[in-house]
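**Student:** From the sequence below, what's the structure:
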Amino acid sequence: MGQTLSAEQQKQAEEQLQKQSEVVTKLYSVIEQQNMLLAEMSKTTDEYDEADEKDLEHDLSGESEIEGVVQRAGRDRRTREEAVDPKEKEAGEVDFKVFEEDATEEERNFMATKPWLGAMAPPSNFKKDPAWDEKPNIALQLEYVYGYRARGCRNNIYWVDESRIVYPAAALGVVLNLSNNTQQFFKGHDDDVICLDFHKKANVVATGQVGKTPSICVWDVDSCQELACLKGFHKRGIISVAFSADGSRIASVGLDNNHSIAVYDWKRGSCLAKTKGDTYRILEVRFNTTKTADGNNDIVTVGQKHIKFWSMAGGSFREKRALLGRKGRRQTNTTVAFTADYTLVGTMDGSMYIFKGRRLWEAVASHTGMIQCMQCDGVNVYTGGKDGKLNMWDGRRFDKINSWNMNKQKELPTPARNRLRAVDILGGKLIVGTIAGEISIIDIASHNMVSVVHSAHHGDWKDKHAYGELWGLTPVPGQKMVFTCGDDATVRCWDIVNRKMKSSEDLFCQAICLSCSPNGMDVAVGFKDGSFSVMATDDMTESIRVRQFRQRVTCIKFSPDGSYLAVGSADSTICIFDVSDEYSLMARCRGHSSTITHLDWCSHSKYLQTTSAGCELLFYERDGTQVTRSRSLKDVEWATQECTFGWNVQGIWPKYSDATDVNMLALSNSRKYLASAEDSGCIKVYNYPCIGSGLDRRGKLRYRPDSFRGYGHSEHVTNVAWLSDDSYVMSTGGADLCVMQWKVV
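**Tutor:** Residues are numbered from 1 along each chain as shown. Modelled structure (predicted):
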């Protein structure tokens, strides 16, 4: 039987139900108000097409490549490794014995499991030469960089004079002499340089980088010597820098949560004023050089739903928002420039906002898609957009005078997707930088493209979260040429002597690795879809394509006699193909537990040594039979040394490293030197063999061999290779997408 409520209890229950009903009604009211607010905001901001949103994400919002850089900048980056400590050598040889002391911090950090240690054995009658641990008697001199930092940046190429331009690449500031195609480098940064400004009268350059405590470097464009280094205020990175009208001050914007703004007297190294910018991302800052403003005191910032006019007041700023009225709308604003009378702002919908003071005077439809760069020469205005067009406008009436379609360049591997990133004008010639990594010159008078003066790899535009990387590198035997491939789905041939891209070919898929045949006639390319193809080196025509693997191809190499092609993949197998029989499958090597990372043939093409992501070092005969007694091969000479595990390469590992910190090794053709590509952005050259004290069974190195160290890449060097005559070392950067040419001196 149910319990009967008294009159008092029934009344209390009804009151409680009434209160609950009122709460629900209030919640519905709040939800309705929020929906109305969202609807109003959508009217204000409007809808952008998906491509615009993706492009904006790549341009410093959302989970973009720069966002990844920002997250990385928040971590402690491994500092440049100090030179070998002489005290380590004083400890003496360890005779490769097993130590029983408690594990040190270094041991605990260096690979929890080391299955490859048991596969190593010293050669017969081994006797170590102490000279192996000394610094090599050669050095690497950075001669040329095939690369330009276009992604996530804008307005970062400038004319220095009629024959020179300046721009960023990787962790470098690059001055390119167009008359003789030579380069000078500023090397004061240790991470990605993501902004640059040049003051033509003072002849100085300012560059900003990412990093936990990023720096602004001011340097002389003629000598590439540092004049000032400003750091300590900004966090994570510096997204924009700008010189004042007289060149004595620098304004900067950081990548912290408040996108802080600062103005420095760079010659004194003092911060004159600083403030919080906005919680929305600020994309660019410029000193206001209109005739009604103070070009050394007033600045303008633009960004996501952000246009603000600032004036320095003591050690801080007075800010005023732009007045859009009914002619404009809240949206992302990407770039800003000035004429004598107007402030010009490029927007995401392709409009050019023209301000008198801080009030919007006119909105001119300029491009299909966002405006990425803008420059004024005192008479005309030049705008570059996502649509691949460069437009020239009258600086008073804002009528379009001229237009160039950069998508029509035949030299570009991907002509349909060539968004502009930077433009500058000098003497009737425009220098233009594009997202495709191309730098071109336009002669305004002739209305013709003069030339593509610089070419580079670019990333994967289809990837919403990143721009892809560059991993594939192989020299052409007997020639001063190299081939490269990457996530831009192109394979490119570089002429080392003339320092230019010789040819380029679009691929059907993203490529990871490649290898040239010993006769230099063919190049094999491994793809992410699990296939590989073989192309002629002279005209890049494809002779055969083979799909053998379920997962990506990670390494590929011809045998020294050219009879076989070994291909390793992420599905833990290596397949060997018969070249003479139209690349028919000859053998399959099994035994690895994870992704194949490297492989080497022996000099007589009979054996393979291979490594995997599971830190395994295994050996195979060319018929696919695994050699379980690895010590039986201790006297075998390997034609190459790309495997990062092995007796002759024990000393390559930096302190506190793991198995992924060294990405590639390259043995010189003289077999005297070993080059390594590291995650730290460093290229090292050791004497070979590279053993040091030798690893004990815990993986402990009591001391490391000395080495030459070359810096220029911003982070993780993915590949390194020697030319046939050992006159040059070539390297590729993963995220910086640069190919670097190092002369051996």
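
**Student:** which parts of the host helix or strand of residue 504 are buried?
**Tutor:** Using DSSP states H and E, the element containing residue 504 is strand 500-506. For strand 500-506, the neighbour count (16 or more other Cβ atoms under 10 Å) marks 501, 503-505 as buried. Every residue, glycine included, has its C-beta placed from N, CA and C.

**Student:** And the residues you listed, which two are furthest apart?
**Tutor:** 501 and 505 (11.3 Å; Cβ to Cβ).

**Student:** Return every residue with contacts to both of these two.
**Tutor:** Residues touching both residue 501 and residue 505 (Cβ atoms under 8 Å, 6 or more residues apart in numbering) are residue 492.

**Student:** re the thing from before, which among the buried residues of strand 500-506 gets closest to residue 156?
**Tutor:** residue 501 (20.9 Å).

**Student:** contacting residues around the closest one?
**Tutor:** So residue 501 contacts 146, 455, 492-495 (Cβ under 8 Å, 6+ apart).

**Student:** Let me know the closest of those residues to residue 259.
**Tutor:** residue 146 (32.9 Å).

**Student:** I'd say the closest one and residue 470 touch.
**Tutor:** No: the criterion here is Cβ atoms under 8 Å, and residue 146 misses it with residue 470 at 10.2 Å.

**Student:** Could you check which of these two has the larger neighbour count?
**Tutor:** residue 470 (28 against 24; other Cβ atoms under 10 Å).

**Student:** For that one, which non-adjacent residue is spatially closest?
**Tutor:** Distance criterion Cβ to Cβ, 6 or more residues apart in numbering; nearest residue to residue 470, sequence neighbours excluded, is residue 486 at 3.7 Å.

**Student:** Wait, the one you found touches residue 510, no?
**Tutor:** Yes: with contacts counted by Cβ under 8 Å, residue 486 reaches residue 510, the gap being 7.4 Å.

**Student:** who touches both of those two?
**Tutor:** Both residue 486 and residue 510 are in contact with residue 468, where contact means Cβ under 8 Å, 6+ apart.

**Student:** which one of those two has more residues nearby?
**Tutor:** Under the criterion of other Cβ under 10 Å, the comparison of residue 486 against residue 510 puts residue 486 first, with 27 against 21.

**Student:** in the stretch 1-150 of the chain, what spans have low per-residue confidence?
**Tutor:** Scanning the stretch 1-150 of the chain for pLDDT under 70 picks out 1-5, 28-113.

**Student:** Okay, strands next: where are they in the stretch 351-500 of the chain?
**Tutor:** In the stretch 351-500 of the chain, the strands defined using DSSP state E, counting those that start in this stretch lie at 351-356, 359-365, 371-376, 380-385, 389-394, 400-405, 420-426, 429-434, 439-443, 448-454, 470-475, 481-486, 490-495, 500-506.

**Student:** which residues do residue 146 and residue 470 both contact?
**Tutor:** With Cβ under 8 Å, 6+ apart, residue 146 and residue 470 have common neighbours 457, 738-739.

**Student:** for those residues, which one is nearest residue 229?
**Tutor:** residue 738 (23.0 Å).

**Student:** Excluding chain neighbours, what is closest to the closest one?
**Tutor:** With Cβ to Cβ, 6+ apart, the residue lying closest to residue 738 is residue 147, at 3.1 Å.

**Student:** for the one you found, what are its contacts?
**Tutor:** 169-170, 437, 456-457, 733, 736-740.

**Student:** Just put those in a markdown table and tack on neighbour count.
**Tutor:** A markdown table is the format used below for the contacts of residue 147 (neighbours: other Cβ atoms under 10 Å):
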| residue | neighbour count |
| --- | --- |
| 169 | 29 |
| 170 | 27 |
| 437 | 25 |
| 456 | 22 |
| 457 | 29 |
| 733 | 29 |
| 736 | 30 |
| 737 | 29 |
| 738 | 27 |
| 739 | 24 |
| 740 | 26 |
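
**Student:** thinking again about what came up before, can you dump the C-alpha atoms of the strand holding residue 504 in PDB for me?
**Tutor:** Written as PDB, here are the backbone C-alpha positions of strand 500-506 (Å, rounded to 0.1, in the frame of the first residue of the first chain):
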ATOM      1  CA  LYS A 500      69.700  26.200 -58.300                       C
ATOM      2  CA  MET A 501      66.900  23.800 -58.800                       C
ATOM      3  CA  LYS A 502      67.600  21.900 -62.000                       C
ATOM      4  CA  SER A 503      64.200  20.200 -62.400                       C
ATOM      5  CA  SER A 504      61.100  19.200 -60.500                       C
ATOM      6  CA  GLU A 505      58.300  16.600 -60.900                       C
ATOM      7  CA  ASP A 506      54.900  16.300 -59.300                       C
END
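
**Student:** Just checking: what are the partner strands of that strand?
**Tutor:** strand 490-495 (antiparallel) (DSSP bridges).

**Student:** Run the angle between the strand it pairs with and strand 470-475 for me.
**Tutor:** 40 degrees (axes from the mean of the first three to the mean of the last three Cα atoms, to 10 degrees).

**Student:** which stretches of this protein aren't confidently modelled?
**Tutor:** For the chain (pLDDT under 70), the answer is 1-5, 28-113, 408-417, 448-450, 461-466, 697-699.

**Student:** Which parts of it are helices?
**Tutor:** Remark: helices assigned in the chain by DSSP state H are 7-45, 50-58, 65-73, 86-90, 105-109.

**Student:** Got phi/psi on residue 256?
**Tutor:** Taking degrees, to the nearest 10, you get phi -70, psi 180 for the backbone angles of residue 256.
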